[in-house]
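Undergrad: Have a look; sequence and predicted model below, questions after that.
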Amino acid sequence: MQPTQLIKVALPIPLKQTFDYQLSEKELEKATLGARVKVPFGNRQLIGLIVELSPRPSIDITRIKPIIELIDESPVMPEHLILLLRWASKYYQASLGEALFSALPPPFRHGKALKQEKYRKWQLNTPDVTAENLNVHLSQIRKNAEKQKELLTTLSQSSDGIYEQSLRSMGFKLQQLKTLKQKKLITDNNVIPEIEAYKRRDSDDSDQLLLNDEQKQAVQSAISGEHCFQAYLLKGITGSGKTEVYLEIIEHFLVQGYQALVLVPEINLTPQTLLRFQARLPDAKLVVHHSGMNNSERLEAWHFCQTHRASVLIGTRSAVFYPFKKLGCIIIDEEHDTSYKQQDGFRYHARDIAVKRAKEHNCPVILGSATPSLESYINAREKKYKLLTLNERPGSIQLPQVELIDIQTRPLQAGLARPTIKSIESHLKNGHQVLVFLNRRGFAPTLTCTECGWIAKCNHCDARLTYHNKGHVLRCHHCNYQTSAPNHCQDCHQSTLKLLGQGTQQTEAFLEQTYPDTPLFRIDRDSVSGKHQMETLYHQILAEDAALLVGTQMLAKGHHFPKVTLVVVVAADDGLFSADFRAEEKFSQLLIQVSGRAGRAQQPGQVIIQTRHSHHAILQAISRLDYDHIATTLAHERELMTLPPFSAITNIRGEGKNESDTFTLLQNIAEKITTGLDTKQQRLVGGGSISGPLPSLLPRKADRYRFYLTLKTPTKPQMQKWLSSIQTILADFTPNPQIRISLDIDPVEIG
DNA sequence: TCATGTTAGGCG
DNA sequence: GCCTAACATGAC
Ligand SMILES: [Zn+2]
Ligand SMILES: [Zn+2]
C-alpha cells in the first residue's frame, strides 16, 4: 500500500485528534484538502473533512480503513480557513472537527452534495448547431413544441450561453432543456461566473469631501499599510461618522479587486445598516450572514464569498469563519460587544479571531467603538494597535447634554423624578420623541407575597419566575419550566400576591395617562418578537412626531431613532455592582451608548440618568461622556489586581446534578493541577495561580449545579502552555460522566 | 446461571 | 460522543 493514498480526516466529535483513512487510486486523483468524505467510524458512518493529504500514518497501516465515499471534488473549505480553525481549536481547547463543522453551513454537515445546478450554463451544441443554421434545426422540432423553439432561439442570441437559473426565470422548464439536450441541439456545463470588476462611483470626489479631516486622516492611515497586517482601533463617539470611515476603507479595497469582511453585533444588523452599505457601495455585491437565515441562504452566502461573487460580507460572530478568495480588510463594529464571544461549545472570540485572521491574510483590521473594550484600549496604549480617533461630530452636531438626577432622596412619581417629568413634557411639546429606558426587571415582573415575602421561584434553577400576561403564566427563562400563575401564596396561602418590578409597569401606565394624546410604543421582547415586527414598529415610529418609546436598554442598541431628542434612563444602577469584574466596564459602555441615541439630527440631545449614586466616579464620568477617564481608571484597577487585560484567565466549569459531587470533582481537579505545578512548571507559566471552586452566577440551572475554577497567568502564551500541559489531567478526569467539564478561555462572562 | 447494571477505553 | 467488552452485582 502506498503511503500517498492516506488522508487525515477531522470528524464532528468532541475529540481533538484526527483519524487516518485510505483512498482508492481513483479517489486519490480527485481528493483535495477541505473536501468532505464519508467514513466508517466504529460501527457508524460519519461525514468528515480532509485536513491533510498523504500524511505519515499515525497508527499501524494495516488498521487504517478505506473511506466509504469522497463527497466533494472541490473543497468546501479553503486551506487557509482550515489552518485558522486548527489554530482556533487549539487555542480554545476545542475539537478540530467540531470547530470546522460549526463554521460550515449546516447542509454541509450532513453530507449534502454541492449544488452545481446554480452554475449550469446552457448553449447551442456548436459547431453542429449555430445561429446561422438555426432554421434547419428549428424545423426538426415538433410543430406544437413552441417553447422548445423559443428556447433554442433565445440561446442562439447569446454568444456564451445562459445560466439555467436565468432560463428558468424566463419561464423555461427543465424538461424542455433535457429534451433539446437529448436531440443533441444544446449542451450544458458548469461555469462559475467571473467576478465583475468593481467600479468606483463617479461621485467619488464628493464623498471624500463629505468626510471631515479626522475621518480622512483615519481612512488614510488605515489604507496606508495596504497589504500588510495592522490592527487599528477606531475610537469615535456616537455620530462621529465611524461608518463613513469603514465604507471609505472598504471601497478602497473593492476598487483593487479585494473583498471585505464586516462584523456587527446581531442587534445592529438591521435593514437600515444594509441599506446604508448598499447605498454607499451600489456596485458591490453585498451578502449577509446572521442567525435567522435558513440553510439555503447560508449555503448561498458561503458560496458567494468563496467564489468572490460577493465582495462584501456583513455578518455576526460566525461570519468571521467565512471563506474568501481575496480578503482585503476586516472591520469589527462595536468591537467591545460581548456577543462576539461564543458562549457554548466552541467558545471563540470573533474579535480575537478576526485579528488573527488579518495577520494571516496580511491585511488591516479595524476595530471600531465609541467605548472600546479595555483589551483593545490597552492594546492601543501599548501601540500594538494604531489608534485612530474621531472627536468631532460632523456637521457641527452637538454632543448630548447629560444630567444625573439622584433619586436616593427625591420624591418619585411612578419611578420618575419631578425634573425628569418636566423635561419629558417639554420635549414632547416641541414635537420631539422621548426614549424611556427601564431596566430588564421591569419587563420581567416576578410574583411575590406581600404578607410573608414569598417569591415565585423556578423549581429547577436558582432564579425567579417571570410573569407573562399572555396565558397568565409564570415562566423561567433559564430552562423551559412553565406553570400557571397561582392565586394564593404557596407559603402562607393568603391571596396577597403582587407583581414585583411593577414600578416600571407603573411608569408606563403613568406616561400613558399623563400624555393620552401622545402615541406610546413599547419595545420589548414580549411585544416585539421577530425581526419583522421590529421593522414595522420602527417605520411606524419614524412616521410619528411627538412620541414616547419605552423599552429596555438592550433593545435600543440596534436602531437609531432620528426624532428622539431626550433619553431617560429610569434606574441606571442595575449592573453597576456585581461579582463580575467587567461589570463597571459594561455598565459604562451601555450608558454611553444609550446616551448617543439622543439628538443625532439637527436638535441637540438631552440625556437624563436617574441614579442612587450620582456621586459615584463612574457616573460622574458618564455624565461628561468621558469614556477615556473611565477606561484609564478601570485599567489602573485591573492592573493593580492583575486582572485581564493585565493577565490571562481561563475558567474551568463543572456542572452536574449532584451539588457536592460537582464541587468535589472541581476541587480534585484543582488539587491535581496544583500538584502538577512543580517549580519547573511554575517558571514556565510565570507563576500561574488557581482559585475556586466558586458557585457560578446562576448556581443551579435546569437542575444542574454549576461551579468554576479560575486559572490565571501573566500572559496568554503562558496560559496556552499551562493548558496544554494540564489537558491530560483533564482528559483523565471523567470519573463521573454525570458531571460535565468545560473550558472557557478568555471568558467575558462568569457562570 | 442468567440477566442486568456500571465503567474504562477505543474509535483510524 | 457513542459503542462495547469486561467486569460487578444480584436475584433465583
Ligand atoms: Zn428554570
Ligand atoms: Zn405569603
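TA: Cool, got the structure. Ligands and ions are numbered 1, 2, ... in the order given.

Undergrad: All the helices of the stretch 601-750 of chain A, in order from the start?
TA: A:617-623, A:627-640, A:659-676, A:679-684, A:716-732 (DSSP state H, counting those that start in this stretch).

Undergrad: same deal with the stretch 301-450 of chain A?
TA: Counting by DSSP H, counting those that start in this stretch, the helices of the stretch 301-450 of chain A are A:350-361, A:374-381, A:418-429.

Undergrad: Can you pull up the residues of chain A that come close to DNA strand C?
TA: A:Ile13, A:Pro14, A:Leu15, A:Phe41, A:Gly42, A:Asn43, A:Arg44, A:Arg740 (Cβ under 7 Å from any atom of the strand). C-betas here are computed from N, CA, C, even on glycine.

Undergrad: Poorly predicted segments of the stretch 351-500 of chain A, please.
TA: A:394-397, A:440-443 (pLDDT under 70).

Undergrad: Where does the residue in it positioned nearest to DNA strand C fall, secondary structure wise?
TA: Residue nearest to DNA strand C within the stretch 351-500 of chain A: A:Cys479 (18.9 Å; Cβ to the nearest atom of the strand). Per DSSP states H and E, A:Cys479 falls between elements, in no helix or strand.

Undergrad: count of neighbours near it?
TA: Each residue near A:Cys479 was counted by other Cβ atoms under 10 Å, and the total is 17.

Undergrad: Tell me how far the residue of the stretch 151-300 of chain A at minimum distance from DNA strand C lies from A:Leu174.
TA: Relative to DNA strand C, the nearest point of the stretch 151-300 of chain A is A:Asn295 (21.6 Å; Cβ to the nearest atom of the strand). The spacing between A:Asn295 and A:Leu174, counted by Cβ to Cβ, to the nearest Å, is 22 Å.

Undergrad: thinking again about what came up before, quick check: which of the helices of the stretch 601-750 of chain A is buried the most?
TA: Mean neighbour count (mean count of other Cβ atoms under 10 Å) peaks for helix A:617-623 among these, with a mean of 19.

Undergrad: tell me the average confidence for that one?
TA: Averaged across helix A:617-623, the pLDDT comes to 94.

Undergrad: before we move on, back to that, of all pairs in the residues of chain A next to DNA strand C, which one spans the longest distance?
TA: Spanning the widest gap among the residues of chain A next to DNA strand C are A:Asn43 and A:Arg740, at 25.1 Å by Cβ to Cβ.

Undergrad: neighbour count winner among those two?
TA: Comparing A:Asn43 with A:Arg740 by other Cβ under 10 Å, the one with more neighbours is A:Arg740, at 14 against 5.

Undergrad: thought that one was touching A:Ile652?
TA: No - using Cβ atoms under 8 Å, A:Arg740 is not in contact with A:Ile652, being 11.3 Å away.

Undergrad: Just to be sure, A:Leu85 is in a strand?
TA: No - according to DSSP: H, G, I helix; E, B strand; the rest coil, A:Leu85 belongs to no strand; its state is helix.

Undergrad: List the contacts of it.
TA: Under the criterion of Cβ atoms under 8 Å, 6 or more residues apart in numbering, the neighbours of A:Leu85 are A:Leu96, A:Ala99, A:Leu100, A:Ala103, A:Phe321.

Undergrad: Keep only the residues of chain A next to DNA strand C that also lie close to DNA strand B.
TA: A:Leu15, A:Phe41, A:Gly42.

Undergrad: Before we move on, what's the pLDDT of the residue lying closest to the second one once chain neighbours are set aside?
TA: It refers to A:Phe41. Once flanking residues are discounted, A:Phe41 sits nearest to A:Leu11: 6.4 Å by Cβ to Cβ, 6 or more residues apart in numbering. The per-residue pLDDT reported for A:Leu11 equals 96.

Undergrad: and A:Thr238, what helix or strand is that in?
TA: Using DSSP H and E, no helix or strand contains A:Thr238.

Undergrad: Any idea how far apart the tips of stretch A:730-739 sit?
TA: Start-to-end span of stretch A:730-739 (Cα to Cα, to the nearest Å) is 13 Å.

Undergrad: mean confidence for that stretch?
TA: What stretch A:730-739 shows for mean pLDDT is 72.

Undergrad: Walk me through which strands the longest strand along chain A pairs with, and which way each runs.
TA: Identified as the longest strand of chain A according to DSSP state E is strand A:689-701. If you go by DSSP bridges, strand A:689-701 pairs up with strand A:704-713 (antiparallel).

Undergrad: Show residues contacting the partner strand.
TA: The contact list for strand A:704-713 (Cβ under 8 Å, 6+ apart) reads A:642, A:647-659, A:662-663, A:666, A:669-670, A:673, A:685-696, A:698-700, A:719, A:722-723, A:750-751.

Undergrad: what pLDDT, on average, does that strand get?
TA: Mean predicted confidence for strand A:704-713 is 93.

Undergrad: Is there proximity between it and ligand 1?
TA: No - using Cβ under 5 Å from the ion, we find that strand A:704-713 stays clear of ligand 1, coming within 10.6 Å at best.

Undergrad: about what we covered before: what's the burial count for the residue nearest to A:Phe41?
TA: 22.

Undergrad: Next, give phi and psi for it.
TA: phi -110, psi 150 (degrees, to the nearest 10).

Undergrad: thinking it is in contact with A:Gly42, fair?
TA: No - assessed by Cβ under 8 Å, A:Leu11 is found out of contact with A:Gly42, at 10.7 Å.

Undergrad: re the thing from before, tell me how far the residue of the stretch 151-300 of chain A closest to DNA strand C lies from A:Pro106.
TA: 5 Å.
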